[in-house]
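**Q** From the sequence below, what's the structure:
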Amino acid sequence: MRLYSLSVLYKGDPKVHLLKAAYDVSTFNFFQRSSVQEFMTFTSQLIAERSALGSRASVKEQEYLCHVYVRNDGLAGVVIADNEYPQRVCFTLLDKVLDEFSRQVSKMDWPSGSPATISYSALDAYLSKYQVQSPGT
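**A** So this is what the prediction gives:
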């Protein structure tokens, strides 16, 4: 069971943009890592774009399960995990991250924010904390 990506996005008019993201691509071949990360960024934006405000969904994309939560204020979170990772845990993580993000980052910064301008460093810690280590690792 693995988490690969945790993203915070803003669903504004007319499109969705990434505010902050963390990735764990360590299980992929070194030469594949950047393209896998691009795929996860693109998929996260696409899923958030296609989800209605105030909705939660889980979408299968290739061998991954993407969990999305879009709040009514336009703040969205996406977790990309493998198929075995528990859905309930993903949504608990998204609730926690979006609540904390909205307390620490001003709502005025969401429409124009980007990963370079938004100061929120907790995503990497959440990604590793919620990583389930298999007994053999």
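**Q** Low-confidence regions, this protein specifically.
**A** 133-137 (pLDDT under 70).
**Q** Repeat the analysis, applying 80 as the threshold.
**A** For the chain, the stretches flagged by pLDDT under 80 are 13-14, 132-137.
**Q** what ranges do the strands span in it?
**A** 3-11, 16-23, 55-61, 64-70, 75-82 (DSSP state E).
**Q** measure stretch 79-93 end to end?
**A** Using CA to CA, to the nearest Å, one end of stretch 79-93 lies 9 Å from the other.
**Q** Sort out which residues of that stretch are buried, please.
**A** V79, I80, A81, Y85, V89, C90, F91, L93 (16 or more other CB atoms under 10 Å). (Each C-beta comes from the backbone N, C-alpha and C, glycine too.)
**Q** go on, stretch 28-47?
**A** In stretch 28-47, counting by 16+ other CB under 10 Å, buried: V36, Q37, F39, M40, T41, T43, S44, Q45, L46, I47.
**Q** From these, which land in helices?
**A** Among the buried residues of stretch 28-47, DSSP state H puts V36, Q37, F39, M40, T41, T43, S44, Q45, L46, I47 in helices.
**Q** I figured the second one was touching D24, is that so?
**A** No - judged on CB atoms under 8 Å, Q37 makes no contact with D24 at a distance of 9.8 Å.
**Q** So for these two, which residues contact both of them?
**A** Common neighbours of Q37 and D24 are listed as S5 (criterion: CB atoms under 8 Å, 6 or more residues apart in numbering).
**Q** Is it possible to get TSV of the buried residues of stretch 28-47 that adds distance to S58?
**A** Formatted as TSV, the buried residues of stretch 28-47 follow (distance: CB to CB, whole Å):
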residue	distance to S58
V36	20
Q37	21
F39	18
M40	15
T41	19
T43	13
S44	13
Q45	17
L46	15
I47	10
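**Q** before we move on, the earlier item: which one of the strands of the chain lies closest to E100?
**A** E100 sits nearest to strand 3-11 of all the strands of the chain, at 9.8 Å, using CB to CB.
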